[in-house]
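S.K.: below are the sequence and a predicted model for it; my questions follow.
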Number of protein chains: 2
Amino acid sequence: MRTIEWDDEKAVVKLVDQTLLPGEYKIVECTQLDELIEAIKRLAVRGAPALGAAGAFGVVLAFMMKEQDESKLKGEVEKLKKARPTAVNLSYGVNRAWQAAMRGRSIQEMSSYALEEAKRIAEEDVAVNKKIGEYGSALLEDGDVVLTHCNAGRLACVDWGTALGVIRTAIERGKRIEVIACETRPLNQGSRLTAWELVQDKIPVTLITDSMSAAVMREGKVNKVLVGADRVVKEGVFNKIGTYMHAVVAKVHGIPFYVAAPLSSFDTERSYKEVEIEERSPEELLFFGKKQIAPLDVKVYNPAFDFTPFELIEAVITEKGVIHDLKEDI
Amino acid sequence: MRTIEWDDEKAVVKLVDQTLLPGEYKIVECTQLDELIEAIKRLAVRGAPALGAAGAFGVVLAFMMKEQDESKLKGEVEKLKKARPTAVNLSYGVNRAWQAAMRGRSIQEMSSYALEEAKRIAEEDVAVNKKIGEYGSALLEDGDVVLTHCNAGRLACVDWGTALGVIRTAIERGKRIEVIACETRPLNQGSRLTAWELVQDKIPVTLITDSMSAAVMREGKVNKVLVGADRVVKEGVFNKIGTYMHAVVAKVHGIPFYVAAPLSSFDTERSYKEVEIEERSPEELLFFGKKQIAPLDVKVYNPAFDFTPFELIEAVITEKGVIHDLKEDI
């Protein structure tokens, strides 16, 4: 199945629980909005494009709640939007489904319009990723070794992927591409998700720690860097913590650094200064699962994202084309 | 007790098992050379200076073996030297104890000369670290926030520490210093050892992932970077994987990058091209303890060290002074 989809028969949101991969492939069903919000917060579903679809399906669940009045509904939807603050797609999906619902004259109709729109968002996401793949694959050359961070693959989207979608399309078109996946601390989306997706697809992939990226670049083992984005703003890109580090070292080593992102991740009226970077629990650095790996009373700084300015980015690959001249007034 | 020491009564090498920290503080006793080699390989004792002492004590254990002939002894000592190939101190400690032993006319005498020399190396290490602390602390200013990688502290040495020794001395002299400890994947010496040591000493420390270093530098949260070294060669420094990445991003952000290392880590006749970088087991990236975090059939690249050229290093702090003009012909 897709990473996230609506089940018409059961009237539930189904999603692949990404916290259990690669050990276990399990589908979670959310019948209540609270369950979906919880799934978003604990990263059972994550990745900017997937969060867009999740947000839209969440609005449907909101309209299906038993006790409804407008203020309660709005409150719930606000809670949904704030489940994760950095990726803009969550709000984007919520807003689109909400606006579609507003055309309805009854709760029934509202719910049905919201569902229609949510399904459209999911379909669009797949189509958009395929277009990103087409534009992006032209940037990759036969024999390239591409370093990526976090997971901007099928599991971050409804299907196909943004950064990994570009790689999939390039390979589909006969280019031999190898991937270096950075494990992406602290939650290891690189080792748990990206490596898993690529191994499933038999795409050659080598796993490294995040701290090795500069060393492998110095050794001449990387031709390009390609990542996704959680939000593209006026001056640059927010993405998983560590992205900025890879961008700096890529620049120093003369390696082009690309971002693949749908236009739904663009929020270019906004300055980076206005974006909240989600800080996650210290526990993510204090434990491996249940095993303690740091003194429990140590102070921890755990931002989930960082900001990479356009001057470090060679191009942003979108479904409408490749944007090369990245400036503040993009 | 010290990180590693000789127990005269029991005639054993005692060491703090660093694989169990911070959860458990346990002393391991090695009565046989094989046990010590095993302890070195599984990183129960690690850190270049501590390995110097471990190597020397290992020679004592070799002379205490039941069945001895010269070729077997030499073979064992070679095995000890090769237990870890990158840090030069292990060979340095082995060679010094071996040469001291050669003055003896009986196995008894050899063993006793080796032990005398090994104890001298351990004492010297503490004295050397204190001198490094004196010279290095002059480079730190009141209020500095110092980023460090891996563990170049008490646990990496016999006592006091190299990089963390500099911080300890600076604090002893009344400077307020805060530390940012990078967790240091894949074995988390930063979170398990550095954070633990500093919390024990009530030195303010904040734990981050390795991938956050560039972001915290961009945010203006770091004044200096200070790390240890496993080997200083003609053109630069070998240290824990990730060091090169921190050095590159420090340079880009105009933050001075310092290395603290005893002269016993210097091997400046040698070029970086001649040094073997230890590659460790893929399992270090595939599992957290027993929990699988990556597909088991993914290819893994796991070098334990990387090389940082002198042009990225502001100065190397030794027990004889601070070397600022780092050139190939240092």
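M.R.: Cool, got the structure.
S.K.: quick one: stretch A:310-325 to chain centroid distance?
M.R.: Centroid displacement of stretch A:310-325 relative to its chain, using Cα atoms, centre = their mean, to the nearest Å, is 17 Å.
S.K.: ramachandran angles for residue A:32?
M.R.: The phi/psi pair for residue A:32 (degrees, to the nearest 10) reads phi -120, psi 150.
S.K.: quick one: buried residues of the helix or strand harbouring residue A:95?
M.R.: Using DSSP states H and E, residue A:95 sits in helix A:89-101. Within helix A:89-101, the residues scored as buried using 16 or more other Cβ atoms under 10 Å in any protein chain shown are A:89, A:90, A:91, A:92, A:93, A:94, A:96, A:97, A:98, A:100, A:101. Every residue, glycine included, has its C-beta placed from N, CA and C.
S.K.: ok, the spatially most central residue of chain A to chain B distance?
M.R.: Centroid-nearest residue in chain A: residue A:47, 2.0 Å away (criterion: Cα atoms, centre = their mean). According to Cβ to the nearest Cβ, to the nearest Å, residue A:47 stands 18 Å off from chain B.
S.K.: which other helices and strands contact the helix holding residue A:95?
M.R.: The helices and strands touching helix A:89-101, judged by 3 or more Cβ pairs under 8 Å, 6 or more residues apart in numbering or on different chains; DSSP states H and E, are helix A:48-63, helix A:70-81, helix A:107-137.
S.K.: quick one: the strands in the stretch 201-330 of chain A?
M.R.: According to DSSP state E, counting those that start in this stretch, the stretch 201-330 of chain A carries its strands in the segments A:205-208, A:224-227, A:231-232, A:236-240, A:257-260, A:287-288, A:291-292, A:299-300, A:305-309, A:315-318, A:321-323.
S.K.: residues contacting stretch A:265-281, please?
M.R.: Applying Cβ atoms under 8 Å, 6 or more residues apart in numbering or on different chains, the external contacts of stretch A:265-281 come out as A:48-49, A:84-89, A:186, A:229-236, A:238, A:301-307, A:309, A:318, A:330.
S.K.: apply the buried test to those and list what passes.
M.R.: A:48-49, A:84-89, A:186, A:229-236, A:238, A:301-307, A:309, A:318.
S.K.: what's near enough to touch residue A:316?
M.R.: When contacts are counted by Cβ under 8 Å, 6+ apart, residue A:316 touches A:229, A:232, A:237, A:258, A:259, A:260, A:261, A:322, A:323, A:326.
S.K.: switch to 6 Å and redo it
M.R.: Shown in contact with residue A:316 (Cβ atoms under 6 Å, 6 or more residues apart in numbering or on different chains): A:259, A:323.
S.K.: quick check: bridge partners of it?
M.R.: Going by DSSP bridges, residue A:316 is paired in beta bridges with residue A:259, residue A:323.
S.K.: contact residues of chain A facing chain B?
M.R.: Residues of chain A lying close to chain B by Cβ under 6 Å from any Cβ of the partner chain are A:22-23, A:185-186, A:188, A:191-192, A:195-196, A:199, A:206-212, A:214-215, A:241-242, A:244-245, A:248-249, A:252, A:285, A:288-289, A:291-295, A:298-301, A:306.
S.K.: buried ones among those?
M.R.: Buried, going by 16+ other Cβ under 10 Å: A:22, A:185-186, A:188, A:191-192, A:195-196, A:199, A:206-212, A:214-215, A:241-242, A:244-245, A:248-249, A:252, A:285, A:288, A:292-295, A:298, A:300-301, A:306, out of the residues of chain A next to chain B.
S.K.: hmm, who's touching the helix holding residue A:95?
M.R.: Against helix A:89-101 from outside (Cβ under 6 Å, 6+ apart): A:48-49, A:51-52, A:55-56, A:59, A:80-81, A:84, A:110, A:113-114, A:117-118, A:121, A:264-265.
S.K.: run the last query once more with 7 Å
M.R.: A:48-49, A:51-56, A:58-60, A:63, A:77, A:80-81, A:83-84, A:110, A:113-114, A:116-118, A:121, A:264-265 (Cβ atoms under 7 Å, 6 or more residues apart in numbering or on different chains).
S.K.: ok, stretch A:230-243 next?
M.R.: A:48, A:86-88, A:149-150, A:182, A:184, A:210, A:227-229, A:259, A:261, A:265-268, A:270-272, A:275, A:303-310, A:313, A:316, A:328, B:209, B:211-212, B:215.
S.K.: export that stretch to PDB, keeping only CA atoms.
M.R.: Below are the C-alpha coordinates for stretch A:230-243, written out as PDB (Å, rounded to 0.1, in the frame of the first residue of the first chain):
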ATOM      1  CA  ASP A 230      10.200  20.700   5.100                       C
ATOM      2  CA  ARG A 231       9.700  24.300   4.200                       C
ATOM      3  CA  VAL A 232      11.200  26.600   1.500                       C
ATOM      4  CA  VAL A 233      11.200  30.200   2.700                       C
ATOM      5  CA  LYS A 234      12.400  33.500   1.300                       C
ATOM      6  CA  GLU A 235      16.100  32.900   2.100                       C
ATOM      7  CA  GLY A 236      16.500  29.200   2.000                       C
ATOM      8  CA  VAL A 237      15.300  25.800   3.100                       C
ATOM      9  CA  PHE A 238      14.400  24.100   6.400                       C
ATOM     10  CA  ASN A 239      15.100  20.400   6.500                       C
ATOM     11  CA  LYS A 240      16.100  17.700   8.900                       C
ATOM     12  CA  ILE A 241      18.800  18.700  11.300                       C
ATOM     13  CA  GLY A 242      22.200  18.000   9.700                       C
ATOM     14  CA  THR A 243      21.200  19.300   6.300                       C
END
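S.K.: report the mean confidence score over that stretch.
M.R.: For stretch A:230-243, mean pLDDT rounds to 97.
S.K.: which stretches of the stretch 51-200 of chain A have low pLDDT?
M.R.: Scanning the stretch 51-200 of chain A for pLDDT under 70 picks out no residues.
S.K.: recalculate using a threshold of 80.
M.R.: For the stretch 51-200 of chain A, applying pLDDT under 80 flags the ranges A:66-68.
S.K.: who are the contact partners of the nearest residue to residue A:156 once chain neighbours are set aside?
M.R.: Among residues not flanking residue A:156 along the chain, residue A:47 sits closest, at 2.4 Å (Cβ to Cβ, 6 or more residues apart in numbering or on different chains). Residue A:47 is in contact with A:151, A:152, A:155, A:156, A:157, counting by Cβ under 7 Å, 6+ apart.
S.K.: what does residue A:159 give?
M.R.: Residues in contact with residue A:159 (Cβ under 7 Å, 6+ apart) are A:2, A:3, A:126, A:129.
S.K.: ok, and the most crowded of these?
M.R.: In terms of neighbour count, residue A:129 stands highest of the contacts of residue A:159 at 30 neighbours, by other Cβ atoms under 10 Å in any protein chain shown.
S.K.: that residue contacts residue A:163, correct?
M.R.: No. Shown here, residue A:129 and residue A:163 do not form a contact pair, counting by Cβ atoms under 7 Å, at 10.0 Å.
S.K.: overlap in contacts of those two?
M.R.: What both residue A:129 and residue A:163 touch, as defined by Cβ under 7 Å, 6+ apart, is an empty set.
S.K.: neighbours of residue A:278, how many?
M.R.: Neighbourhood size, residue A:278 [other Cβ under 10 Å]: 17.
S.K.: ok so, going back, next, format the strands of the stretch 201-330 of chain A as TSV and append distance to residue B:173.
M.R.: Formatted as TSV, these follow (distance: least, Cβ to Cβ, whole Å):
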stretch	distance to residue B:173
strand A:205-208	40
strand A:224-227	43
strand A:231-232	46
strand A:236-240	40
strand A:257-260	43
strand A:287-288	36
strand A:291-292	33
strand A:299-300	24
strand A:305-309	35
strand A:315-318	50
strand A:321-323	53
